[in-house]
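Student: coords below, sequence missing:
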């Protein structure tokens with residue numbers, strides 16, 4: 001029985017990334033732990049005969065911490081030599097050369113998505129005969145020695161420890177270096193290896209399996225990579241075994257995956273074809289690469305879009321004489337690993353360039369129509385075709401995408417949908433895409449942001465330097481904007497000097513704020529025109545969010561535009577997030593009050609839900625129901641604006657009852673579907689608490705929806721005065737006797753005393769987010785948080801911290817034993833469809849983690 005894979009990562013995001021990679025690869029049992037202690041708890045009770053398949057640990061400290069972690073992990077699996085892959089985080093102070101000997105392989109955190117599974121598969125191949133690569137090749141092992149050298153995919157060099165003379169090299173070394181075995185005779189390790197930052201003598205003396213950057217001799221000089229040295233037995237004598245791992249994309253599958261990810265990410269810049277082509281040419285060590293477009297209307301010949309050649313100037317044969325090109329444009333791929341020269345009579349290009357390895361692939365659009373051709377060649381034989389062919393095919397797909405995108409833009413220009421100056425979507429196309437994004441976000445319960453960007457004082461540039469300079473500035477601004485967003489986002493030239501951006505799949509509002517801040521800072525960098533003129537161009541940006549600010553495209557754009565003008569009024573060169581200000585509410589109070597009276601009947605009120613999680617396990621234990629008002633003209637109005645209006649007019653009583661019923665009905669539906677016993681928090685205002693019929697209202701809501709009273713928690717704000725709120729204590733005690741829980745919200749912002757806490761039947765205290773957000777910033781607020789947690793626990797009250805947004809908040813609150821957490825670090829408030837998907841995903845992960853029956 002196999003006990004699965006163990007992932008140990010302190011950072012929640014990395015822990016989730018590692019889990020997702022293994023989960024998507026089909027591994028059923030994955031133990032995900034914060035640290036080794038947590039891992040020990042997860043693995044407790046595991047049968048001794050159930051060794052782990054793999055351990056993956058994220059290192060973020062120094063070499064000493066890494067060694068301690070490795071020692072502790074080894075203790076978890078007893079004497080079983082479980083492979084250990086190390087992941088080096090962005091802030092890791094550890095050099096790969098300092099990794100402990102227990103580490104089987106390593107990678108950077110940025111490579112998790114592209115290389116982790118490949119490294120794991122390599123470990124599996126090594127384990128197909130127990131401990132083959134881990135123990136290093138030895139002739140004493142008989143069959144093991146021959147397996148590693150003849151069947152394994154790694155490069156091994158065995159050398160005499162006293163002289164460094166090579167005793168034997170694996171066939172893989174000969175294949176990868178493209179040097180005959182005779183060319184390796186009588187060489188030493190010093191002849192074939194160059195280490196970086198450390199002497200080869202030191203590496204060979206230590207022989208501690210540490211990985212070091214180095215270069216290995218090859219037919220083209222040297223290949224870069226990493227090497228690890230260990231001591232072995234060879235023919236009954238002491239020897240050194242060196243394992244070399246090349247960085248060449250045509251030799252290693254993981255390097256090829258990394259290359260492809262960079263090729264598909266090479267979207268920014270003026271010429272994505274050239275960027276992708278240069279990557280492919282350099283990383284595969286090609287001598288020739290050409291991209292051709294198919295025959296265009298009005299032309300009988302194909303047109304060459306890109307050509308890269310590693311050699312002297314040539315007289316190139318015409319396209320009509322290149323038989324391989326005509327074959328590929330006809331829809332047929334060609335592939336020759338080593339004998340392309342035999343086609344010389346058919347294609348003079350191959351003879352002229354002296355190409356041995358050669359490949360050509362058609363470039364197809366979505367309808368499988370040939371758009372063009374990609375030709376690639378090398379004077380040497382191609383390497384491992386199981387790696388090279390998929391890389392070339394995927395690269396051809398990438399070139400085809402760029403081709404089709406270019407043609408779509410040309411068609412867009414013809415149809416008036418693409419801006420002729422910048423090549424960006426114009427107002428019409430952006431509005432159409434925005435409608436599509438809204439439909440998808442509504443269906444998936446997702447959030448996104450709209451940015452309205454205006455160049456500050458752009459008219460002065462046109463007036464002073466001329467419209468040609470203004471056009472050049474707009475093109476340069478376009479490049480900077482496109483380089484600041486992801487491939488899934490959309491940037492458009494909306495009008496004149498105005499640009500719009502749709503940022504999709506938003507998890508936290510501050511992520512969007514960071515993008516806006518990045519754009520502002522990027523634009524501050526001076527622009528240099530072709531004539532040498534230096535210009536300083538700044539921008540003002542307005543932000544609005546779906547669904548928080550509006551549910552339709554015109555209103556989202558209107559609010560982003562309004563926010564942009566606020567940014568301008570505040571001095572330009574900054575950004576502003578849309579909000580309905582209290583000043584606006586005061587100025588238009590009568591109109592808002594009138595509209596609020598009809599909001600419920602008009603379907604303008606919404607209830608969203610934000611999860612509350614257990615601090616120790618980070619599992620969902622409850623949720624808070626939050627009211628939103630979606631004004632048809634103003635968009636989503638903040639509760640800080642409309643709740644006081646509702647209290648002034650007495651509408652809060654009927655609105656509060658509607659929220660209570662809606663939330664209880666939804667909570668009962670989730671309880672029936674998932675059975676999680678999630679606690680539902682519903683806020684009660686001061687006006688509601690003074691209602692003598694409050695208890696009857698709650699009883700009816702629970703009875704009509706079927707929700708268990710013990711799953712309902714009523715939240716009251718600390719600022720409510722016992723003396724000024726008749727029936728307050730009576731109502732709360734009645735609700736408590738009913739079985740409901742009571743929570744004191746916004747704790748720390750009012751003037752509550754210990755007597756206040758003793759008199760009210762409170763089960764839970766919620767620390768206000770204004771204190772939580774200052775953790776790591778204000779020592780006084782940190783002291784208040786610590787004191788509140790300690791006081792609450794002494795009074796046997798549980799504590800919930802609101803506004804938890806960063807890992808630093810989580811670490812502080814966990815260290816001081818806060819019970820539960822709520823905030824954007826875990827999840828933003830979600831509409832019912834989004835929260836349901838969250839619960840369904842939680843259930844799916846739990847199902848995956850359940851061990852298979854023996």
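Tutor: Done, it's in. What you are looking at is a predicted structure, and each value in this text was computed from that prediction instead of being measured.
Student: Verify the contact between residue 465 and residue 531 for me.
Tutor: No. Using Cβ atoms under 8 Å, residue 465 makes no contact with residue 531, being 9.2 Å away. From N, CA and C alone the C-beta is placed, and that goes for glycine too.
Student: mind checking pLDDT for the residue lying closest to residue 346 once chain neighbours are set aside?
Tutor: Leaving aside its chain neighbours, residue 346 sits nearest to residue 323 (4.2 Å; criterion: Cβ to Cβ, 6 or more residues apart in numbering). pLDDT, residue 323: 88.
Student: now residue 586
Tutor: Residue 586 is given a pLDDT of 56.
Student: How about residue 405?
Tutor: 70.
Student: One more: the one 10 residues further on?
Tutor: The score at residue 415 is 58. That number is its pLDDT.
Student: what does residue 85 give?
Tutor: Confidence score, pLDDT, at residue 85: 90.
Student: Which of residue 465 and residue 531 has more residues huddled nearby?
Tutor: Neighbour totals were compared for residue 465 and residue 531, and residue 465 leads with 16 against 9 (other Cβ atoms under 10 Å).
Student: ok, the more buried one to residue 530 distance?
Tutor: Using Cβ to Cβ, to the nearest Å, residue 465 is found at 12 Å from residue 530.
Student: do the same with residue 462
Tutor: 16 Å.
Student: Who has more neighbours out of those two?
Tutor: Between residue 462 and residue 530, counted using other Cβ under 10 Å, the more crowded position is residue 462 (16 against 8).
Student: give me every residue that touches the more buried one.
Tutor: The neighbours of residue 462, taking Cβ atoms under 8 Å, 6 or more residues apart in numbering as the test, are 469, 470.
Student: starting at the chain centroid, how far to the helix or strand containing it?
Tutor: Using DSSP states H and E, residue 462 sits within helix 458-465. For helix 458-465, the separation from the chain centroid amounts to 40 Å (computed by Cα atoms, centre = their mean, to the nearest Å).
Student: first to last residue in stretch 592-602, what's the distance?
Tutor: One end of stretch 592-602 to the other measures 14 Å (Cα to Cα, to the nearest Å).
Student: which parts of that stretch are buried?
Tutor: Buried positions in stretch 592-602, judged by neighbour count with 16 or more other Cβ atoms under 10 Å: 592, 593, 595, 596, 599, 600.
Student: The residue nearest to residue 346 reaches residue 351, doesn't it?
Tutor: No. The pair residue 323 and residue 351 does not pass the contact test of Cβ under 8 Å, sitting 11.6 Å apart.
Student: And the two? Which one has more around it.
Tutor: Neighbours of residue 323 and residue 351, each counted by other Cβ under 10 Å, are more numerous for residue 323; the result is 18 against 15.
Student: so what's the backbone phi/psi at the more buried one?
Tutor: Note on residue 323: backbone dihedrals following degrees, to the nearest 10 are phi -60, psi -40.
Student: mind listing the helices in the stretch 201-350 of the chain by residue range?
Tutor: 253-265, 272-283, 323-329, 348-353 (DSSP state H, counting those that start in this stretch).
Student: Pick out the shakiest of those helices, pLDDT-wise.
Tutor: If you rank the helices of the stretch 201-350 of the chain by mean pLDDT, helix 253-265 sits at the bottom with a mean of 58.
Student: returning to what we had before: what mean pLDDT does the helix holding residue 462 get?
Tutor: Helix 458-465 carries an average pLDDT of 87.
Student: again with stretch 502-512
Tutor: Average pLDDT, stretch 502-512: 80.
Student: confidence score at residue 50?
Tutor: Per-residue pLDDT puts residue 50 at 65.
Student: Sorry, slip of the keys, the one I care about is residue 714.
Tutor: We have a pLDDT of 93 for residue 714.
Student: Check the one 5 residues further on too.
Tutor: The confidence metric pLDDT takes the value 62 at residue 719.
Student: The residue nearest to residue 96 when sequence neighbours are not counted: neighbouring residues, count only.
Tutor: Using Cβ to Cβ, 6+ apart and skipping residues adjacent in sequence, the residue nearest residue 96 is residue 211, 5.1 Å away. Per other Cβ under 10 Å, the neighbour tally for residue 211 reads 21.
Student: And for residue 494?
Tutor: Around residue 494 there are 22 residues (other Cβ under 10 Å).
Student: residue contacts, it?
Tutor: Here residue 494 is in contact with 426, 427, 430, 452, 500 (Cβ under 8 Å, 6+ apart).
Student: List the contacts of the third one.
Tutor: I take that to be residue 430. Contacts for residue 430 (Cβ under 8 Å, 6+ apart) come out as 490, 492, 494, 500, 502.
Student: before we move on, what SS does the closest residue to residue 500 other than its chain neighbours have?
Tutor: Excluding its sequence neighbours, the residue lying closest to residue 500 (Cβ to Cβ, 6+ apart) is residue 494, at 4.6 Å. Of the three states, residue 494 takes strand according to DSSP: H, G, I helix; E, B strand; the rest coil.
Student: Give the buried residues for stretch 790-807.
Tutor: 792, 797, 798, 799, 800, 801, 802, 803, 804, 805, 806.
Student: so where do the strands sit in the stretch 401-550 of the chain?
Tutor: 448-455, 490-495, 498-503, 527-528, 534-535, 539-546 (DSSP state E, counting those that start in this stretch).
Student: Mind putting the ones you listed into a markdown table with distance to residue 762?
Tutor: Listed next are the strands of the stretch 401-550 of the chain as a markdown table, based on distance: least, Cβ to Cβ, whole Å:
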| stretch | distance to residue 762 |
| --- | --- |
| strand 448-455 | 38 |
| strand 490-495 | 48 |
| strand 498-503 | 41 |
| strand 527-528 | 59 |
| strand 534-535 | 61 |
| strand 539-546 | 34 |
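Student: what about the helices in the stretch 401-550 of the chain?
Tutor: Counting by DSSP H, counting those that start in this stretch, the helices of the stretch 401-550 of the chain are 427-444, 458-465, 467-482, 509-524.
Student: Which secondary structure element of the chain has the lowest mean pLDDT?
Tutor: The least trusted helix or strand in the chain, going by mean pLDDT, DSSP states H and E, turns out to be helix 132-135, with a mean of 36.
Student: burial of residue 180, as a residue count?
Tutor: Neighbour number of residue 180 under other Cβ under 10 Å is 10.
Student: do residue 162 as well
Tutor: 8.
Student: wait, what's in contact with the residue nearest to residue 96?
Tutor: With contact taken as Cβ under 8 Å, 6+ apart, residue 211 is in contact with 96, 97, 99, 106, 226, 227, 228, 245.
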